[in-house]
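Undergrad: Predicted structure and sequence below. I'll ask about it afterward.
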Amino acid sequence: MSASLEKGVRVLKEMIDAPMASYFSSCVHCGLCAEACLFYTETGDPKYTPIHKLEPLRRIYEQEYTVLGRLKKLIGLSKAVTDAELDEWRELVYNSCTLCGRCSVVCPVGNDIVYMVRKFREGMSASGNAPIGLKGATNRTVTIGSPMGIKLPAVKAQMKHVEADYGLPIPLDVEGAEYLVMLSSMEIINFPEYLGAIAKIMHQAGKTWTLCSTSFEATNAGMQIGNSDLARVIVSRIVEGAEKLKVKTVISPECGHAYTALRWEGPNLVGRSFSFKVRHIIEVLGEFQEQGLLKTEGFETDRLTFHDPCQLARRGGVIQQQRNLMNMVAKNFVEMPDAGFMNWCCGGGGGASAIEEGEELRLEAFKKKKAQLETVKPDRLVTACANCRIVMEEGLEHYRMDIPIVGLTEMLAEHIPDPTSAAVPAKSKGD
Amino acid sequence: MSEMQFLTWVRGPGLDLAIGIFLLGVFWRLFEIYSLGRKKDLSESRQVAGASGMNTVFRRSLPVPGMLKTSPITYVGGYIFHIGLAVIVFLFAPHIKFIQSLLGLSWPGLPSQLVDLMTVVTLAAMLVVLADRINKPVKRYLSRFEDWFTWALTFMPLLSGWMAVHHLLLPYTTMLALHILTVELLLIFLPFTKLFHAFTVFGSRWYNGTVNGHKGVAV
C-alpha cells in the first residue's frame, strides 16, 4: 500500500460515524437514488447511481467496523481498496456528483448519501485522488486568496467602478458595521452589478455594511475538494475579518456552496460557534422585504423563471424567500417542474465546474435543465448563485438556447428608485 | 431422521439456536453501528416545523412527489410485499399461537382465507420485484450475491408456509418442518445482511431528518 493510499484510508476511517454505519447497513440496492441523480437520468449509465459512488468507502466501513467484514477480509472474501480503484472513482465522486443532495431526499430507507460523498472526498483528497482543476482552485484560494487568483487591488478597482456607476460609496473595513458583505470571484470579475445592487439595497434599507480587505472571497474550494484543513484556513479568514470588524451578520453572496461552507460547515471546521450570524443574501433580502425595508417600483413584464441553487434551497432551507422576492418585481413569474425543494442542479455545483475533464459529462447532465426550461419557455432565467449562472450560461450556449440569465439581487436592485439625495456613507467609529 | 424427528428438531433445538443467533446478532449489530456516535453540530440551527428526525422517520414511508412515476414497480411492489409480510407474519392465526407459545402474548388474527390471498399477492409481488432486479440496468448493476440470497431467504418461508397450508408437493409434516427451517435461516442471516434494514431504517431516517432538520430542511 502506497503512503498516500494509507493516508487516504486512515482519513476515511476517521470519517466513519454512526450515521454512515447506519446508512450502509440500511441500503437495499433498490436503485431509487439513480432516478434522483441527473448524471444517471441524462446518461442512463448505472455507474452514476449515487450509492455506487460510495462503494470503496462502504468496503472500508465493512472491513474496519464490522466483525463479519473483518472476518471476510481475513479469509480473502473482501478485497482491500486500491490506488487504482480510488483513481477510477474520482470521476464518480467529483465529476459526476455536484453534492446536490437529491439522492438523500428520495432514499426510502433514509440514507443521506450526499453526507457520505462529502466525507468520502476527504479521503480522496488525502490520498491524492482529487481532480487537478479542484486542486488548483484550492491552492489558489489558500495561497492567493481566491480560486480565480483575484487579489485585493482587483476588488478595489471594481469598487471604484461601482462607486462611479451607482453614485454610492462602497465601504471597506468599516468597524462596527451591521453587515459584512462577502463576494465570490465570479461576482468580482464577471458580475460587478452585484456589488452595486448591494449598495443600493443597503442604502435604501438604511443599514450599515462593509467589505473586508483581508477577507472578501467567500467561496471555499477546500470544502469542495474535501480537505477540511484547507477549508478551515479559508473559513478562518472570514471569521477573523468578521470578528475584527465586529459585525453582527456576515452575508454570503449569491453562491450556493459558499453559503454551505460558511453557514453550516464553518463553525464545525473552526471548532466553535460563531459570534456573528451567517445569512445568504436572499435570506437578508427576505428579511428586509418582511420588515418593509425593501421598496421597489415597477415590474418586469417578460416571462421569468427561477433556478433554485441546490445549496440554497434543498441543502440550505431557503426556498420561499426567493419566490416572494420574485413576485415583488415580476408580473409573469412561472415555475419550472420540480422547482424549489426538488429542483434539479445546474450540473456544475460542488466543485464540478472547476473540473475541465468533466465538461462533456456536465453538458450531458445539463439536458435536465434544458428540458425543464423547454417546458416553461421563459424569456429570462433568474437565479441566486454565480456558479449556477456561469454553468447554465455555458450549457445554454452549447445547446444554442437564447435565454439570458440574471441574478435575483441585481434584478431587485434595478427596481429600487435611484437615491436622489447624496449618498450617506456607512457610519462607524473609524470614520 | 424421520419426518417427526425433523419437525421436533426444528421446533426445539433448531429454533432455540436460530432465535439465540438472531437476538445476539441484532444487539451486536446495533451496538456496532450506533456506538460509533457522531460529532455535535456547532452551526446555528434553524427551526422549521416538520424538519426533524422523527418527522423523517414517518415521512420517508411515502414517495417524494414525482418519484412514484419514475419507479412504480419499486414502490408498489415494495409496499405490497412489505405490508404483505407484516400481515402474514403477525396476523395469521397459527403464527399468533406460535408467538403466544414463546412469549405469552396474543392478539386477534385475520381470517385464514384473507391471509391466504395476501400470501399469493405477496409471492407475486416478490417475483415481480425479482424480475425488476434482473431487468432494470441499475438494479442489476447494484446487485451482488447478497441481493439474490436475501431475496431467496425472504421468499422461501412464504412459499413453504403457503405450500404447507395447501398440502402441496410434500407431506404436511415435512413441509411444515421445512417452513420452520427456512424461517430459522432468515432469522440467522437477518442481522448480518441487508435485511438488517428492518432495524436500521429507523436510525437512518432519524439521522437524515436530524442532520437536515438542523438546517431547517424538512427532508
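TA: Now that the structure is in, tell me what you want to look at. Residues are numbered from 1 along each chain as shown, chains lettered A, B, ... in the order given.
Undergrad: Share the number of residues neighbouring the residue in the stretch 301-431 of chain A that chain B sits nearest to, please.
TA: For the stretch 301-431 of chain A and chain B, the shortest gap (CB to the nearest CB) falls at residue A:317, measuring 3.6 Å. From N, CA and C alone the C-beta is placed, and that goes for glycine too. Around residue A:317 there are 23 other residues, counting by other CB atoms under 10 Å in any protein chain shown.
Undergrad: Could you look up the SS state of the nearest residue to it once chain neighbours are set aside?
TA: Using CB to CB, 6 or more residues apart in numbering or on different chains and skipping the chain neighbours, the partner closest in space to residue A:317 is residue B:216 (3.6 Å). Using DSSP: H, G, I helix; E, B strand; the rest coil, the structure places residue B:216 in coil.
Undergrad: quick revisit: what's the distance between the residue of the stretch 301-431 of chain A closest to chain B and residue A:263?
TA: The gap separating residue A:317 from residue A:263 is 10 Å, by CB to CB, to the nearest Å.
Undergrad: just to revisit the earlier point, now do the residue nearest to residue A:317, the pLDDT please.
TA: Residue B:216 is assigned 96 on the pLDDT scale.
Undergrad: for residue A:189, same thing?
TA: 85.
Undergrad: near chain B, which residues of the stretch 1-150 of chain A show up?
TA: Contacts of the stretch 1-150 of chain A with chain B, taken as CB under 8 Å from any CB of the partner chain, map to A:16-23, A:25-32, A:34-36, A:40, A:44, A:46-47, A:49, A:51-52, A:65-68, A:104-112, A:115.
Undergrad: Quickly check: the helix or strand where residue A:282 lies near chain B or not.
TA: Remark: residue A:282 resides in helix A:281-290, with elements defined by DSSP states H and E. No - Helix A:281-290 lies apart from chain B when judged by CB under 8 Å from any CB; the minimum separation is 9.5 Å.
Undergrad: Which residue, other than its chain neighbours, is closest to residue A:413?
TA: Take residue A:413 and drop its neighbours on the chain: the residue closest to it by CB to CB, 6+ apart is residue A:197, 3.3 Å away.
Undergrad: How about the secondary structure of that neighbour?
TA: Three-state assignment for residue A:197 (three-state DSSP): helix.
Undergrad: Can you give me every residue that contacts it?
TA: Neighbour list for residue A:197: A:407, A:409, A:410, A:412, A:413, A:414 [criterion: CB atoms under 8 Å, 6 or more residues apart in numbering or on different chains].
Undergrad: okay if I get these as CSV plus secondary structure, pLDDT and neighbour count?
TA: Listed next are those as CSV, based on DSSP: H, G, I helix; E, B strand; the rest coil; pLDDT from 0 to 100; neighbours: other CB atoms under 10 Å in any protein chain shown:
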residue, secondary structure, pLDDT, neighbour count
A:407, strand, 95, 23
A:409, helix, 97, 25
A:410, helix, 95, 21
A:412, helix, 97, 23
A:413, helix, 96, 23
A:414, helix, 95, 15
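Undergrad: Looking at chain B, which helix is longest?
TA: Criterion DSSP state H: the longest helix present in chain B is helix B:112-135.
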